[in-house]
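> here's a sequence, model it:
(2 chains)
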Amino acid sequence: MKPVWHIVRKDLFRLRWILLLWVMVLIAALGLAAIQAGLDDGTYFPFWIAASAMIVGVLPLIAFGLVMGLLHDDPVAEIDAFWITRPIAGGELLLAKLTALMVLAFVPVLIWIPFWLNYDYSWSQIVQASGQTIRMNFLPVMLALPFAVISSSASKFVMNVMVGAGVLLLLVLLFQLGNSREEAPVVPALLESKAWLIAGLWFVTVLVVTLNQFLRRQTRQSIAMLAIAVAAGFSIAKWWRWKLDGLQPASAEPATAPTEPGPDAPVISVEIAGETKRMVVMAEVPLTAGASSFRHGRMLKIQSVLRDFTGELQVTFSEATPQLSGTFRDLLPGSPGSPVEPNYYFIINRAAGGVFAVTPIHSGYNLDVATLRFSHATISARPELNWQGKPTANLATWLQDAVLVKVAPAEPAAARGVTSIGRSSP
Amino acid sequence: MNALETHQLSRSYGRAEALHGLTLTVPAGSIFAFIGPNGAGKTTTIRMLMNLLEPTSGEACVLGVDSRKLKPRERQRIGYVSENQKLPDWMTIDQLMRYCQPLYPTWDRELEKKLLRKFELPVDRKLKHLSRGMMMKTALLSSLAYRPELLVLDEPFSGLDPLVRDEFIAGALEVSQQEKWTIFISSHDINEVEQLANWVGMIEAGRLTLSEPTESLLARFRRIEVTVTAGEFPLPSAPETWLEVQREGNLVRAIETRYDADRFEQYRINRLQKMEAVAKPMTLRQIFVVQARESRTHGNIPVA
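Got it, this is the predicted structure:
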């Protein structure tokens, strides 16, 4: 282990300035989120948006730079590298680089723990938030690592990443071209299966390529493996037809019968901006948890109604302020003692007609470390498939007059919550 | 015991064969000069010896271990300096030494300080700010300070001015002669290594053309000059061991490749009708040039 720590110390020393920048961005992002949390503004979140932009945009770039810097001081694709002629085994070097990556993965956790504690996160929530943070850093590492181990220098790494991005873009275009001719129905479960398969394939490929480079330094072989993995990934995206559970052929899910909202449905006003494909709804909804419940009447935040690239609609909830984190966790589907019901929510538009079922996809609450928010549940649906009634041409307009219906069949009627996300009704 | 051995070592890049069936032995304790023109296959050979490159076929042993199975334990006994090596140029010289030191149990701090003084290196300067000569001296220092049994130098003098080259040679020789290390040094210029080598190998177009001790090489090569005084010199009957037989007026010149003083005297008396004939010693450079020329003209020359 002695040479391993020796190399780790050397690498961290070398990367000290980029690490410092990284730490500053991490602190700045959480600082912005904290400023926002302290503001009493329920409709607009500029600091959260800035924090999210830093975390989604800047941090992955720095992570790419860190992976590049970490690997290119001892390049495994360069035959004249210094380390090869020194008493350092490939396995030791790999262990050193992985150790450094692990250290780097824990840095944001250590930086953010004071923020989380300040916002009354419980220990279990901190563990959850730590896991989320590490996962968040894991993604750019998994993308950068294979390019870094097959590149003999930083400039070649940048070039290889650009080539990789170009190939990916080309494959997406080819995929879209093929799909536009076929017009096959999109099945969410099938998409999920494909996504898991491709992610698993990439993970295994990165693992094998990394081991091959550190232990055998067969760069051409590694490039061939990456090319095969990309081709296999494309084939899966294009031709895979089975769901992962039991490998049953996937078909379109059946539509759900419409449910009418109750007469005492609370009505709120929302702002819907832009296209439905990227629509952010910031609205606060009073919860109807029963008169005897201390939660009754508290505000639940609808953070967003988004349609992702697959066409799936996602509605995300949160409590109104971070300080209330955990307060609502047992109120929502998937929380302890509250089993997840299928088709638990419906979005209905009585005026225009039509209803579609939405299914919770997150069990219980979900912590968004980027913005210090808790999302209690995200519900998702594909309007095109789950539609009952008259299909809508413009979802944005349709949603403005729609209501979100939460159905809890096992509970008393008073506990049923009906929430409108449409315009204010008279 | 041989420090380095190769057996039928070959390496191809696509269809181009960079090295063809190299069989070579480097005795322990020797200072072996591996000479050849640019592109002859010297660096390819060294890269395979150091396991930087895999052979297409054949095998190589370094300090008794298959080069493809060199472990850190063997690396601790090998020093390697190459003009191609990518040193961590963000480090200062001192940082590089402190980085290398824990990797070698035999690292000698006193020797390091002594060599630092001898090479006059600025310890606080980053490697990327060093001149080429300083960079090579730093690389040598980082390869000498742990007293390796085998020092492999790949074109270490390339681009160095004579003063730095002499310092480099003196530094390498001073330590190696005290310790009886093996030094394997490649160069395209015989002048650079003839003062330090006691064993010479020559490579041409991926094939070994010669490998023997310098002393025996210098002993068996002679420049022959025969002054024709009576009749015609019997050119067709020149010995097979003579190369490049040429006549200019009454002077016949040739290169004897198997010189033996008694045999030469017998030949002079019996075949040259007691004409005046002298056998002048040759420098390594002259021998190298003759070998290279013969190799290009007649293909491979059997290794002596």
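> how about low-confidence regions in the chain?
Chain wasn't specified; assuming chain A. Of all residues in chain A, those with pLDDT under 70 make up the ranges A:1, A:36-45, A:48, A:119-120, A:179-188, A:245-426.
> could you do chain B instead?
Where chain B drops to pLDDT under 70, the residues are B:230-237, B:274, B:298-304.
> which residues does the residue positioned nearest the centre of it contact?
In chain B, the residue lying closest to the centroid (C-alpha atoms, centre = their mean) is B:Ala33, at 1.7 Å. Contact analysis of B:Ala33 by C-beta atoms under 8 Å, 6 or more residues apart in numbering or on different chains lists B:185-187, B:190, B:193-194, B:196-197, B:199-201, B:214. For the C-beta atoms, the positions are set from N, CA and C on the backbone; glycine is no exception.
> now A:Leu66
A:Leu66 makes contact with A:15, A:18-19, A:22, A:104 under the criterion C-beta under 8 Å, 6+ apart.
> near chain B too, which of those residues?
Here nothing survives when the contacts of A:Leu66 are matched to chain B using C-beta under 8 Å from any C-beta of the partner chain.
> pull out the buried members of those.
Listed as buried from the contacts of A:Leu66 are A:15, A:19, A:22, A:104; burial here means 16 or more other C-beta atoms under 10 Å in any protein chain shown.
> ok, the third one touching A:Leu61?
The one in question is A:Trp22. No. Judged on C-beta atoms under 8 Å, A:Trp22 makes no contact with A:Leu61 at a distance of 10.1 Å.
> give the closest residue to the residue nearest to the centre of chain B in space, chain neighbours not counted.
Excluding its sequence neighbours, the residue lying closest to B:Ala33 (C-beta to C-beta, 6 or more residues apart in numbering or on different chains) is B:Ala197, at 3.5 Å.
> quick one: neighbours of that neighbour, just the number.
The number of residues packed near B:Ala197 is 23, by other C-beta atoms under 10 Å in any protein chain shown.
> pretty sure it is in a strand, no?
No. Under the criterion used here (DSSP: H, G, I helix; E, B strand; the rest coil), B:Ala197 is coil, not part of a strand.
> for burial, what's the neighbour tally of the nearest residue to B:Ser57 once chain neighbours are set aside?
Excluding the flanking residues, the one nearest B:Ser57 by C-beta to C-beta, 6+ apart is B:Ser10, at 4.7 Å. Neighbour count of B:Ser10, defined by other C-beta under 10 Å: 19.
> so which bits of the stretch 51-200 of chain B are right by chain A?
Residues of the stretch 51-200 of chain B lying near chain A by C-beta under 8 Å from any C-beta: B:51-53, B:71-73, B:75-76, B:78, B:80, B:82, B:84-88, B:90, B:99-100, B:102-104.
> packing partners for the helix or strand where the residue nearest to B:Ser57 lies?
Per DSSP states H and E: B:Ser10 is located in strand B:2-13. With contacts taken as 3 or more C-beta pairs under 8 Å, 6 or more residues apart in numbering or on different chains; DSSP states H and E, strand B:2-13 sits against strand B:16-27, helix B:42-49, strand B:57-62, strand B:182-187.
> residues of chain A that sit close to chain B?
By C-beta under 8 Å from any C-beta, the residues of chain A that approach chain B are A:2-3, A:6, A:10, A:14, A:73, A:75, A:78-82, A:84-89, A:92.
> in stretch B:187-200, what's buried?
For stretch B:187-200, by 16+ other C-beta under 10 Å, it's B:187-188, B:190, B:192-194, B:196-197, B:199-200.
> how much space between A:Val109 and B:Ala205?
60 Å (C-beta to C-beta, to the nearest Å).
> pull the CA atoms of the helix or strand where B:Glu212 lies into CSV?
Using DSSP H and E, B:Glu212 sits in strand B:207-213. Extracted C-alpha coordinates of strand B:207-213, given in CSV (Å, rounded to 0.1, in the frame of the first residue of the first chain):
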residue,chain,number,x,y,z
ARG,B,207,19.5,-6.9,-37.8
LEU,B,208,22.5,-7.3,-35.6
THR,B,209,25.6,-7.1,-37.6
LEU,B,210,28.2,-7.3,-34.9
SER,B,211,28.5,-8.0,-31.2
GLU,B,212,31.8,-8.4,-29.4
PRO,B,213,34.2,-6.8,-26.9
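> parallel or antiparallel, list what pairs with it.
strand B:199-204 (antiparallel) (DSSP bridges).
> the partner strand to strand B:182-187, inter-axis angle?
30 degrees (axes from the mean of the first three to the mean of the last three C-alpha atoms, to 10 degrees).
> touching strand B:199-204 from outside, list them.
With contact meaning C-beta under 8 Å, 6+ apart, strand B:199-204 is reached by B:22, B:24, B:26-27, B:30-37, B:40-42, B:45, B:208-214, B:217, B:284, B:288, B:291-292, B:295-296.
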